[in-house]
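S.K.: Sharing a sequence plus its predicted fold:
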Amino acid sequence: MNRVLFYIITFTFVTLSILPFLWFVDTSLKSPLEITAIPPVLIPSGTLSSYSSAVKEYNLLHFIRNSFIVASSTTAVTLLISIIAGYSLSRLRIKYKGIIMGSLLIVSMFPQISIAGPVWKIMLHLGWLNSYQGLILPYVTLTLPLGVWVMASFFRELPRELEEASRVDGCSHIQTLFKIMVPLAAPGVFTAAILVFIYAWNEFFFALLVMTQQTFQTLPVGIALFQGQYTLPWGEIAAASTVATVPLVVIVFIFQKKIVRGLSAGAVK
């Protein structure tokens, strides 16, 4: 009885979670008449006109390119810093290590709106408004706590004997880190990379704050600013949202085991 109840509750929550996405996919495959039809048409005709219009009239590929540049750059910078910081905090003798880790956790809890003004002023004085680096820097700052925690948890699980053996062979700390420890912590690297990439890909608030020119706007902002002459182009919005979401869903399904392992690393000794 308890198992049946568990499955019913799980199925209900999963259905409620994916229903909006499925509705957008369904809408993206409808013709304009089917989208506005009353009563609603549940089975679409399967036309790809909304996708074609989103690419040709609303410059969808341009927004995808911007998002990929920002998300991949953020992931690369965050990973590099997280690997070095996570290894240092898990292995080296550093004073106030607990305070540092606690501070990282506190920083990650700041509401975005509370730091919006300072971030905008910093980007303004640096001349980085409407530039890729003006968005990458805040993203790196916001994703570093997650990256450092994940990498530090993985490095703690690795035996110290490996490092001692590499020192006997004459490796420095940096060589030990990148030649021995990082390959062994590959699941943690994958986990951090995927989570950081997803955050940077989906983030909307700072992208809207920093990017006011269409030239540098990312996909979430671009979709939000789709405009029709008299009505909102729901078909194109649904098509663009589907294109933005499907790759992330595929990535999560492929690497779900690594993500779970990365998030639970260090939980059990």
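M.R.: Nice, I can see it.

S.K.: Just confirm Pro220 contacts Glu203, I think it does.
M.R.: Yes: the criterion here is Cβ atoms under 8 Å, and Pro220 meets it with Glu203 at 7.0 Å. In this view, the C-beta of every residue, glycine as well, is placed from N, C-alpha and C.

S.K.: Looking at those two, which is more packed in?
M.R.: Neighbours were tallied for Pro220 and for Glu203 using other Cβ atoms under 10 Å; the higher tally belongs to Glu203 (23 against 20).

S.K.: roughly how far apart are the more buried one and Lys121?
M.R.: Using Cβ to Cβ, to the nearest Å, Glu203 is found at 19 Å from Lys121.

S.K.: same question, Ser90
M.R.: Distance, Ser90 to Lys121, using Cβ to Cβ: 35 Å.

S.K.: Could you list the domains of this protein?
M.R.: Using automatic domain parsing, the domains assigned to the chain come out as 1-47, 60-264.

S.K.: Return the backbone torsion pair for Leu42.
M.R.: The phi/psi pair for Leu42 (degrees, to the nearest 10) reads phi -80, psi -40.

S.K.: what's it in contact with, if anything?
M.R.: Leu42 sits next to Asp26 when contact means Cβ atoms under 8 Å, 6 or more residues apart in numbering.

S.K.: Likewise for the one 3 residues further on?
M.R.: Ser45 makes contact with 29-31, 34 under the criterion Cβ under 8 Å, 6+ apart.

S.K.: Does the residue most central in space within the chain lie in a helix or a strand, and which?
M.R.: Geometric centre of the chain, nearest residue: Ile198, 1.7 Å, by Cα atoms, centre = their mean. Element membership of Ile198, judged by DSSP states H and E, is helix 186-202.

S.K.: Leu48 is in contact with Leu29, isn't it?
M.R.: Yes: with contacts counted by Cβ under 8 Å, Leu48 reaches Leu29, the gap being 7.5 Å.

S.K.: out of the two, which sits in the more crowded spot?
M.R.: A count of neighbours by other Cβ under 10 Å puts Leu29 above the other of Leu48 and Leu29, at 20 against 10.

S.K.: quick one: that one and Gly46, what's the gap?
M.R.: Going from Leu29 to Gly46 by Cβ to Cβ gives 5 Å.

S.K.: which residues does the residue lying farthest from the centre of the chain contact?
M.R.: Residue farthest from the centre of the chain, counting by Cα atoms, centre = their mean, is Val168 at 39.6 Å. With contact set as Cβ under 8 Å, 6+ apart, Val168 has no partners.

S.K.: how much space between it and Asn2?
M.R.: Between Val168 and Asn2 the distance, using Cβ to Cβ, works out to 55 Å.
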